[in-house]
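Trainee: Based on what follows, work out the 3D shape:
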Amino acid sequence: MKFFAIVSAVLIAAIGVGAIGDPIPNSACQCPNNCEHTLGSSCTFFLDGNTINGSCVNDGDGLTCAT
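Mentor: Numbering: from 1, shown residues only. Okay, here's the model as predicted:
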């Protein structure tokens, strides 16, 4: 029974972590979560399990996080 409880907890944690990190760079500079960002603001997004740091640039469709 403890084994199943541990496995369940690990799966729930993995799903939760996946939901937190947004792999889309333009989400790091746009609403709804990052409305305060402006051109040149520092930003962070997740790619292949890595944290990528960049700055918000205009890509023609709005702001996106670029390195």
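
Trainee: Name the next helix or strand following the least confident helix or strand in the chain by mean pLDDT along the chain.
Mentor: Each helix and strand of the chain was given a mean pLDDT (mean pLDDT, DSSP states H and E); the minimum falls on helix 2-20 at a mean of 38. Using DSSP states H and E, the helix or strand that follows helix 2-20 in sequence is strand 42-47.

Trainee: Paired strands for that following strand, with orientation please.
Mentor: Strands that pair with strand 42-47, judged by DSSP bridges, come out as strand 50-58 (antiparallel).

Trainee: Would you mark the buried spots in stretch 41-56?
Mentor: 41, 43, 45-46, 52, 54, 56 (16 or more other CB atoms under 10 Å). Every C-beta, even on glycine, is put in place using the N, C-alpha and C of the backbone.

Trainee: now, among these, which is nearest to residue 67?
Mentor: The closest of those to residue 67 turns out to be residue 54 (CB to CB; 4.3 Å).

Trainee: isn't the closest one right next to residue 43, touching?
Mentor: Yes. Assessed by CB atoms under 8 Å, residue 54 is found in contact with residue 43 at 5.5 Å.

Trainee: Quickly list what's touching both of these two.
Mentor: 25, 28, 65 (CB atoms under 8 Å, 6 or more residues apart in numbering).

Trainee: Double-check that the last one belongs to a helix.
Mentor: No. Remark: residue 65 does not belong to a helix; assigned using DSSP: H, G, I helix; E, B strand; the rest coil, it is strand.

Trainee: can you count the residues close to it?
Mentor: 25 (other CB atoms under 10 Å).

Trainee: Please apply the same query to the first one.
Mentor: Taking other CB under 10 Å as the criterion, the count of residues near residue 25 is 23.

Trainee: That one touches residue 65, doesn't it?
Mentor: Yes. Using CB under 8 Å, residue 25 is in contact with residue 65, at 4.3 Å.

Trainee: Who is residue 42 paired with across the strands?
Mentor: Here residue 42, judged by DSSP bridges, has bridge partners residue 55.

Trainee: same deal with the one 4 residues further on?
Mentor: Note on residue 46: beta-bridge partners residue 51, judged by DSSP bridges.
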